[in-house]
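A.B. asks: here are the coordinates; sequence isn't available:
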RNA sequence: GGUGGGAUACCCAAGCGGCCAACGGGGCCUGACUGUAAAUCAGGUGGCUCAGCCUUCCGAGGUUCGAAUCCUCGUCCCACCA
């Protein structure tokens, strides 16, 4: 184990809050002195949606930091808790998922989380293995540890309560279940987003009641999504998904707001902290151009999740499509008939470039449809099928189809 | 359990018998500008081979020449009281 100071600087980089203050330092030093085994660091992911996005990777990356320093990552797939629904930060009750949906999501989560985590010093467990076996007396025992008043101290609950929106009793149970996970895996540290603080602290209480040393709580900042305002979430539809293909991922990163650049650089890339500080200063005094730095960010992110080769290819494609405003060469194909005329709105909907004929007409009317770069103006054009073969139909700046 | 109020397009929200495919805002889409950033500006945002037609305003009936608007029943939501 390396010197504890270096390790601590690394582990605390980007961390929003470490509770209680100084506890992580103490634990890490104990490990460094050989007074205790490597730390067991817990991160829970509820497979409520099919894909992991960049927001999740903030925590996964932190978990990997611990792995790199010799600690053990305990990744909990919340097969059971996903069906309860985490109320954190929610203004409404989450829709409940079926076990089948949860199982399907869990499979993709594991694969996607694996792109960030190291394969060694990794434990993966599904909390339905123990939570699913709790009997009513066990559940009552858990609920006895928490008071309604404490639950209502949470801003998300109190806001909902005040505004008369429903809070399901199952939602009160959620933090207790998450805390029970900590008892089951005897975690020394638990990671989570800042909106998880309450849940993470409940784990401490339950561990103490079970005679365990309570876990240290480490919260990571939430990152904003593509729209720049809300936190990144599937519900808001503003995610950059781990599973996005390289070109799409590169393009999405280029679309984030400038204000988020430094935060992303710090939280979702391997760029060293000192370097991030240097970039931040350069952007502030105008010596660095945001466009260049965003390119770099996009390269870093795509390279980390797909590979350097894919990152270079994605950037090249980006240059062609947006800098040169040319037509990329790997566009999907759509067959046109052999003979007769093709009605333009039908062609657009058939190729998936418009949802309805009406929408297609509107797109043409507003000048958003191009054929080989040439703007089409007649919304009801009848085009000879033979003349379309091999040409590229385009809607807006991003959607292309090659007619064959 | 009682008494009031409400359900309008993706979201919020006007409309309260014809001028309503339905004001306004948000979001989203397209265009201009640009660094596929932000900000700004313009247009669009139910369907349909579209100067027209068709289907919409929680659901089912009804009144009327005519209903999102009035009546009846049903469903769901909210507030106050218990």
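C.D. replies: That came through fine. On a predicted model such as this, the values are computed, not experimentally measured, just so you know.

A.B. asks: Could you list the low-confidence segments of chain A?
C.D. replies: A:1-2, A:85, A:87-97, A:155, A:159-168, A:230 (pLDDT under 70).

A.B. asks: buried ones in stretch A:226-241?
C.D. replies: Going by neighbour count (16 or more other CB atoms under 10 Å), the buried part of stretch A:226-241 is A:226, A:231, A:232, A:234, A:238, A:239, A:240, A:241. For every residue, glycine as well, the C-beta is placed using N, CA and C.

A.B. asks: Going by distance to residue A:62, which of these wins?
C.D. replies: Using CB to CB, residue A:232 comes nearest to residue A:62 of the buried residues of stretch A:226-241, at 16.0 Å.

A.B. asks: From the buried residues of stretch A:226-241, which land in strands?
C.D. replies: Using DSSP state E to define strands, no part of the buried residues of stretch A:226-241 is located there.

A.B. asks: farthest pair in those residues?
C.D. replies: Top of the distance list for the buried residues of stretch A:226-241 (CB to CB): A:231 and A:241, 15.1 Å.

A.B. asks: Report the separation between residue A:112 and residue A:302.
C.D. replies: Per CB to CB, to the nearest Å, residue A:112 is found 15 Å from residue A:302.

A.B. asks: between those two, who's got more neighbours?
C.D. replies: Neighbours per residue (other CB atoms under 10 Å) separate residue A:112 from residue A:302, with residue A:302 holding more: 27 against 21.

A.B. asks: For the more buried one, which non-adjacent residue is closest in space?
C.D. replies: The shortest distance from residue A:302 to any non-neighbouring residue, by CB to CB, 6 or more residues apart in numbering, is to residue A:311 (4.0 Å).

A.B. asks: That neighbour: helix or strand, and which one exactly?
C.D. replies: Per DSSP states H and E: residue A:311 is located in helix A:308-318.

A.B. asks: got it, and residue A:124?
C.D. replies: strand A:122-126.

A.B. asks: I figured residue A:118 hits residue A:63, correct?
C.D. replies: No - Residue A:118 lies out of contact with residue A:63 (CB atoms under 8 Å); the separation is 9.3 Å.

A.B. asks: Quick one: residues contacting the residue in the stretch 251-400 of chain A that RNA strand B sits nearest to.
C.D. replies: Here the residue of the stretch 251-400 of chain A nearest RNA strand B is residue A:251; by CB to the nearest atom of the strand that distance is 1.9 Å. For residue A:251, the contacting residues are A:318, A:322, A:398, by CB atoms under 8 Å, 6 or more residues apart in numbering.

A.B. asks: would you turn those residues into JSON lines with distance to RNA strand B?
C.D. replies: Putting the contacts of residue A:251 into JSON lines (distance: CB to the nearest atom of the strand, whole Å) gives the following:
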{"residue": "A:318", "distance to RNA strand B": "5"}
{"residue": "A:322", "distance to RNA strand B": "4"}
{"residue": "A:398", "distance to RNA strand B": "6"}
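
A.B. asks: out of those, who has the most neighbours?
C.D. replies: Ranked by neighbour count (other CB under 10 Å), these have residue A:318 at the top, with 20 neighbours.

A.B. asks: what's the first-to-last distance across stretch A:128-137?
C.D. replies: End-to-end distance for stretch A:128-137, by CA to CA, to the nearest Å: 17 Å.

A.B. asks: residues in contact with residue A:255?
C.D. replies: Here residue A:255 is in contact with residue A:226 (CB under 8 Å, 6+ apart).

A.B. asks: Would you mind measuring from it to residue A:261?
C.D. replies: Counting by CB to CB, the gap from residue A:255 to residue A:261 is 12 Å.

A.B. asks: Strands of the stretch 251-400 of chain A, start to end?
C.D. replies: Listed in chain order, the strands of the stretch 251-400 of chain A (DSSP state E, counting those that start in this stretch) span A:333-334, A:341-343, A:369-371, A:374-375, A:382-384, A:392-395, A:399-403.

A.B. asks: Redo those as a markdown table? Include mean neighbour count and distance to RNA strand B.
C.D. replies: Shown next, in a markdown table, are the strands of the stretch 251-400 of chain A (neighbours: other CB atoms under 10 Å; distance: least, CB to the nearest atom of the strand, whole Å):
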| stretch | mean neighbour count | distance to RNA strand B |
| --- | --- | --- |
| strand A:333-334 | 13 | 17 |
| strand A:341-343 | 16 | 3 |
| strand A:369-371 | 21 | 7 |
| strand A:374-375 | 10 | 8 |
| strand A:382-384 | 14 | 6 |
| strand A:392-395 | 21 | 6 |
| strand A:399-403 | 19 | 7 |
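
A.B. asks: Can I get those in CSV including distance to residue A:56?
C.D. replies: Shown next, in CSV, are those (distance: least, CB to CB, whole Å):
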stretch, distance to residue A:56
strand A:333-334, 34
strand A:341-343, 44
strand A:369-371, 37
strand A:374-375, 41
strand A:382-384, 46
strand A:392-395, 32
strand A:399-403, 28
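
A.B. asks: can you count the residues close to the residue lying closest to residue A:45 once chain neighbours are set aside?
C.D. replies: With sequence-adjacent residues excluded and distances taken as CB to CB, 6+ apart, residue A:45 is closest to residue A:109, at 5.8 Å. By the criterion of other CB under 10 Å, residue A:109 has 26 neighbours.

A.B. asks: what's the angle from the one helix or strand residue A:109 maps to to strand A:122-126?
C.D. replies: Using DSSP H and E, residue A:109 sits in helix A:99-113. Per axes from the mean of the first three to the mean of the last three CA atoms, to 10 degrees, the angle that helix A:99-113 makes with strand A:122-126 is 170 degrees.

A.B. asks: List of residues touching helix A:99-113?
C.D. replies: Helix A:99-113 has contacts (CB under 8 Å, 6+ apart) with A:45, A:47-52, A:56, A:60, A:75, A:77, A:79, A:82-83, A:97, A:124, A:126, A:242-243.

A.B. asks: in the stretch 51-200 of chain A, which spans are strands?
C.D. replies: Under DSSP E, counting those that start in this stretch, the stretch 51-200 of chain A gives strands at A:72-77, A:122-126, A:189-193.

A.B. asks: Pick the most deeply packed of those strands.
C.D. replies: strand A:189-193 (a mean of 25; mean count of other CB atoms under 10 Å).
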